[in-house]
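*Asks:* please work out how this folds:
(chains A and B)
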Amino acid sequence: MRYLPKSPAERLEMLKEIGANSIDDLFSVIPAEYRLNRDLDIPRQHGESEIIEWFRTAAAKYTVRHTSFLGAGAYRHYRPVIIDSLVQRGEFLTSYTPYQAEITQGTLQAIFEFQTMIAELTGMDVANASMYDGSTGAAEAVMMAVRVTGRHKAVIATTVHPEYREVLATYTKHQGLPTSVVGYDNETGRIDLAALEAAITDETACVLVQSPNFFGIIEDIPAIAEIAHAKGALLVVSIAEAVSLGVVRPPVEADIVSMEAQSFGVALSYGGPYVGVIAAKEKYLRQMPGRLVGQTVDGNGYRGFVLTLSTREQHIRREKATSNICTNQALVALMATIFLTIYGKEGIRELAEHNLAKSAYTEKVLCAIPGAKPRFHGAPRFHEFVLQTDEAPSAWGQRLRGESIVGGIDISRWYPEMKNATLWCTTEIVPREKIDAAARLLAAVPVEA
Amino acid sequence: MTTTPTTPQTSARTLGKVRPHQTQNEALVFEKSSPGKRAYRLAQLDVPEVDPAALLGEAHRKTPGELPELSEIEIIRHFTRLSTWNYAIDLGMYPLGSCTMKYNPRVNELVARIEGLAEAHPYRPDYLSQGQLDVIDLLQRCLIEITGMDAITLQPAAGAHGEFTGIMLVRAWHESQGNPRRKILIPDSAHGTNPATAAHCGYEVQNLKSNALGMVDLEELERMVDEDTAALMLTNPSTIGVFESDIAKIADILHAKGALLYMDGANMNALVGKARPGDFGVDVMHLNLHKTFSTPHGGGGPGSGPVACKAFLEPFLPIPVLVTDKNGQKGWNYDRPQSVGRVRAFFGNTGMFIRALAYILANGPDGLRQTTEDAVLNANYIRKKLEDVYELPYKTASMHEVVFSDKRQAAKGVRTGDIAKRLIDYGFHPYTVSFPMIVSGALMIEPTESESREELDLFIDAMRAIAQEVEDDPELVKTAPHSTRVSRLDEVTAARKPILRWKPTAK
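*Replies:* Numbering: from 1, shown residues only, chains lettered A, B, ... in the order given. So this is what the prediction gives:
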């Protein structure tokens, strides 16, 4: 019980001062029949060395040195060392939501810097202090569009991350918000613009697209915005791979951008914690969910920062709040802020260009294998692509397994029409020799039709 | 560049456990930037270069974002200096009631960063994920045992997200019975997230008045529950730190009308190892891993809000659900036709699961029970030592937190917010001021188990000294804090003319 700073004698003294005979006196308000009179059936106390050993054993069940070509909404980029050393400072790590501005200026200023960086990257006017993740952020962005427009329908591209679409469906199920979906162009992998135009009505609050989309392809945002805006609908752009913004034009025509910022220095960690963001045009600020930090002055005229516009939030507005969100992802947002400070204006571009080059090379060598070809043509993409093969993905996976390589993910689980299609992602961290090894392994065995 | 200075003069006064210390000025990171500085060096590109403009065409970004350009030492100093402007649990007592600011063990941070866990991609095949799934499986089993429930999902990303998930389960179950029902009852003492959540799940919120003890008024409850009530969302112990001793009757009244009992588990720090919600009639509840299981608050997140439920709600849990096959291999089951769906991409904040499990392993059954006992002991100790100087609006027995009101001090024109700010001068983070709403001018104090007697005594001394100051020199308290690098900030202007980002000055 090394976390508890009281000696048995101190406990007894304190009980005496309270006027209690025993600790059980303090729990007597719990009716006797509901008091637990046995030990919980959980593992015994472990020493620190045992705890570390337990988790090392769990971790060793992976082959740590696997090379992976997995992406699909979670991306492994190099994480500079100083990120973890800074976020583990107790003053950041063990602080709470900065309600008391005078003694939380550190967190507040860092969030203000985060909001600025996100606005700069996305081309939006304002950004909030973070959302849970990209999937819930996209759902909140759609509901924000409903509040802004007063309309109650949404049009969603099927090229939005399938799990984001599932989350959106859960969020909107009971809010009278029907959604319709628009498919993709079979050639380009981009949203089908004609179908989009037909799907938008006078009741459409917003169109939700993702760019780069789930297939890694960059959508034609100006064209989509024109179609949406012509009918008075807002455009919500979801970005699952934030590093793309180093080299891909930001979606400035959008009204709301919802982004997963995990790529900015956040570990994969089997899916979380990650960090979502909502950024928007300034005129929609009052309908934005989540926390916001604003700059102001103190009584002596010095610059300072506070949580602001909280009248939108649940602790003030209760059932009329813009969202029920309370905890955000402040520490993860701090990781992203440090990451973006490390790379800076030029670094984020260089990093993105390396990703572009690595992926272009991977596509080239894999598509040189007989029976393999890119699924979509003609549209630009970032660092992911869909590979069409004659063989089943499971057969490919088996062959790579022996060399500790995890290949692209089989996307027929979400797109049943795409048989033998795998989504490959190559970030800057994958060495060329592994790309070559994957191609060699896959080409070495005769391809069965 | 801004011309606004960033540091006020600090007072030389020394109070309680603190003396002023120097905190260096630090401009915004953008203001420190200078083109050409670098804090990174990419690995050598080992594949052919590409021409981004040619590959991307119209989609090529021509104007980069205005991100700062700094060297590594400047970045270390920038964020280190910012960190010194924060109060934190590592610096001292942080008695924010209902937020449960307890010690965050460092071994948690170490194990969460073990490469095989930290670098695991969520779409790795299950055969490569067995270790991570072991963590999830054991944490699930521990939390089920601790709550006395039958099933659990770890997917929700925070407590409020857990509330959302739990109320979705309630709704799905009622729907399966033929009628989702229309309304959710919420006590007036509840967290603001409760009504916001109910509304977001499509329910009408009905306010349930507390009785003179600050507890659920059974008669009022009986009168309000009908065939249109889906559930009651109850925080237990309540936000005034009181255990609802009629909890079983509350459950009975609801169940008799086919309504469910949802428990906001924010205050589970008062119950772990001592009582289990599943044993006293709760149907579904959420836990806050950062409140009860020591995962760090991080300046406002990440959180994690598992939802535990009784067996009849299990079919409605979000997809996917962890399963173990007959060979002992663990994996995810997506084939759940009655599921409410998915509330988050992937599997939840698994990095937080690792930390929470490390905490449970460090404590074991005896450690968790002792933790709860110490948390309750500490709150009662503070109550005893302050009840002669601060008004105690509800005399009901306290669990892990105690709520006073500013009634006596308000007579001198000093409100709870002023006392809170003055507490900063004494070297403490303030208690919760704005909550619960049933107590006018609340001082909501939750010491948690992490405080030594010495620290508690310092806090008590500070609170008593402030009470005396209110008598002798109320202005001193009303103008606090006097020792911080910024004085009270102009929140009104911040809201009226929001400045939410830095902008480059025109060249």
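*Asks:* ok, the closest residue to chain A within the stretch 301-450 of chain B - contacts?
*Replies:* In the stretch 301-450 of chain B, the residue that lies nearest chain A is B:Phe346 (2.7 Å; C-beta to the nearest C-beta). Just so you know, the C-beta spots here come from the backbone N, C-alpha and C atoms, and that holds for glycine as well. Contacts for B:Phe346 (C-beta atoms under 8 Å, 6 or more residues apart in numbering or on different chains) come out as A:73-74, A:163, A:270-272, B:122.
*Asks:* phi first, then psi, for it.
*Replies:* Dihedral pair for B:Phe346: phi 60, psi -140, per degrees, to the nearest 10.
*Asks:* same question for the one 4 residues further on.
*Replies:* With angles defined as degrees, to the nearest 10, B:Thr350 sits at phi -60, psi -30.
*Asks:* ok, it - how many residues close by?
*Replies:* 27 (other C-beta atoms under 10 Å in any protein chain shown).
*Asks:* go ahead and confirm it touches A:Tyr274.
*Replies:* No: counting by C-beta atoms under 8 Å, B:Thr350 sits too far from A:Tyr274 to count as a contact (10.4 Å).
*Asks:* now check the host helix or strand of B:Glu475, is it near chain A?
*Replies:* For B:Glu475, the host element (DSSP states H and E) is helix B:474-478. No: on the criterion C-beta under 8 Å from any C-beta of the partner chain, helix B:474-478 is out of touch with chain A, staying 12.2 Å away.
*Asks:* how many residues are close by residue 403?
*Replies:* Chain wasn't specified; assuming chain A. 13.
*Asks:* the chain in question should be chain B.
*Replies:* Neighbour tally, B:Val403, other C-beta under 10 Å: 30.
*Asks:* can I assume it sits in a helix?
*Replies:* No: judged by DSSP: H, G, I helix; E, B strand; the rest coil, B:Val403 forms no part of a helix; its state is strand.
*Asks:* if I pick it, what's in contact with it?
*Replies:* B:Val403 sits next to B:97, B:239-241, B:392-394, B:436, B:439, B:442-445 when contact means C-beta under 8 Å, 6+ apart.
*Asks:* let me know the average pLDDT across the helix holding B:Glu475.
*Replies:* For helix B:474-478, mean pLDDT rounds to 97.
*Asks:* ditto for stretch A:439-449
*Replies:* Averaging pLDDT along stretch A:439-449 gives 72.
*Asks:* next one: A:Tyr78 from A:Ala110, what distance?
*Replies:* To A:Ala110, A:Tyr78 is 22 Å away according to C-beta to C-beta, to the nearest Å.
*Asks:* and B:Lys407, by the same measure?
*Replies:* Distance from B:Lys407 to A:Ala110, by C-beta to C-beta: 38 Å.
*Asks:* which one of those two has more residues nearby?
*Replies:* Applying other C-beta under 10 Å to B:Lys407 and A:Ala110 shows that A:Ala110 carries more neighbours, namely 30 against 15.
*Asks:* test my guess that the more buried one contacts B:Leu82.
*Replies:* Yes: if you go by C-beta under 8 Å, A:Ala110 and B:Leu82 touch, sitting 5.7 Å apart.
*Asks:* what sits against A:Tyr184?
*Replies:* Contacts of A:Tyr184 (C-beta under 8 Å, 6+ apart): A:157-159, A:190-192, A:213, A:215.
*Asks:* just list what the helix holding B:Glu475 packs against, helices and strands only.
*Replies:* helix B:416-425, helix B:453-472 (3 or more C-beta pairs under 8 Å, 6 or more residues apart in numbering or on different chains; DSSP states H and E).
*Asks:* redo those helices as a markdown table? Include mean neighbour count and distance to chain A.
*Replies:* Putting the helices and strands packed on helix B:474-478 into a markdown table (neighbours: other C-beta atoms under 10 Å in any protein chain shown; distance: least, C-beta to the nearest C-beta, whole Å) gives the following:
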| stretch | mean neighbour count | distance to chain A |
| --- | --- | --- |
| helix B:416-425 | 24 | 6 |
| helix B:453-472 | 18 | 5 |
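*Asks:* distance to B:Asp283 added to these, as a markdown table?
*Replies:* Converted to a markdown table, the helices and strands packed on helix B:474-478 look like this (distance: least, C-beta to C-beta, whole Å):
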| stretch | distance to B:Asp283 |
| --- | --- |
| helix B:416-425 | 35 |
| helix B:453-472 | 37 |
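*Asks:* mind checking which of those helices is nearest A:Ala444?
*Replies:* Closest to A:Ala444 of those is helix B:453-472 (C-beta to C-beta; 66.3 Å).
*Asks:* what's the angle between the closest one and helix B:416-425?
*Replies:* Angle, helix B:453-472 to helix B:416-425, by axes from the mean of the first three to the mean of the last three C-alpha atoms, to 10 degrees: 130 degrees.
*Asks:* spatially central, which residue of the chain would that be?
*Replies:* I went with chain A, as the question did not name one. By C-alpha atoms, centre = their mean, the mean C-alpha position of chain A lies nearest to A:Glu260, the distance being 3.2 Å.
*Asks:* switch to chain B, that's the one I care about
*Replies:* Most central in chain B (C-alpha atoms, centre = their mean) works out to B:Cys99, at 5.3 Å.
*Asks:* which bits of the stretch 201-350 of chain B sit near chain A?
*Replies:* The stretch 201-350 of chain B comes close to chain A at residues B:201-202, B:205, B:242-243, B:245, B:247-248, B:272-276, B:279-280, B:290, B:294, B:296-304, B:318-319, B:340-350, as judged by C-beta under 8 Å from any C-beta.
*Asks:* which among those residues end up buried?
*Replies:* Buried residues within those, counting neighbours by 16 or more other C-beta atoms under 10 Å in any protein chain shown: B:201-202, B:205, B:242-243, B:245, B:247, B:272-276, B:279-280, B:290, B:294, B:296-304, B:318-319, B:340-350.
*Asks:* which pLDDT does the model give residue 242?
*Replies:* All of this refers to chain A. A:Ala242 is assigned 98 on the pLDDT scale.
*Asks:* please go with chain B instead
*Replies:* 93.
*Asks:* try B:Arg19
*Replies:* 83.
*Asks:* in chain B, where is pLDDT below threshold?
*Replies:* Chain B contains residues with pLDDT under 70 at B:1-14, B:506-507.
*Asks:* mind jotting down where the strands sit in it?
*Replies:* Per DSSP state E, chain B carries strands over the ranges B:151-153, B:183-187, B:204-208, B:229-235, B:260-265, B:284-287, B:307-309, B:321-324, B:330-333, B:402-405, B:442-445.
*Asks:* likewise for the stretch 151-300 of chain A?
*Replies:* Under the criterion DSSP state E, counting those that start in this stretch, the stretch 151-300 of chain A carries strands at the ranges A:153-157, A:179-182, A:204-210, A:234-239, A:256-260, A:276-280, A:293-297.
*Asks:* got a markdown table for these, with distance to chain B too?
*Replies:* Output for those, formatted as a markdown table (distance: least, C-beta to the nearest C-beta, whole Å):
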| stretch | distance to chain B |
| --- | --- |
| strand A:153-157 | 14 |
| strand A:179-182 | 13 |
| strand A:204-210 | 12 |
| strand A:234-239 | 11 |
| strand A:256-260 | 8 |
| strand A:276-280 | 9 |
| strand A:293-297 | 4 |
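*Asks:* same list, those strands, but as CSV with mean pLDDT please.
*Replies:* Conversion of the strands of the stretch 151-300 of chain A to CSV gives the following (pLDDT from 0 to 100):
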stretch, mean pLDDT
strand A:153-157, 97
strand A:179-182, 95
strand A:204-210, 98
strand A:234-239, 98
strand A:256-260, 98
strand A:276-280, 97
strand A:293-297, 97
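*Asks:* understood, closing this out.
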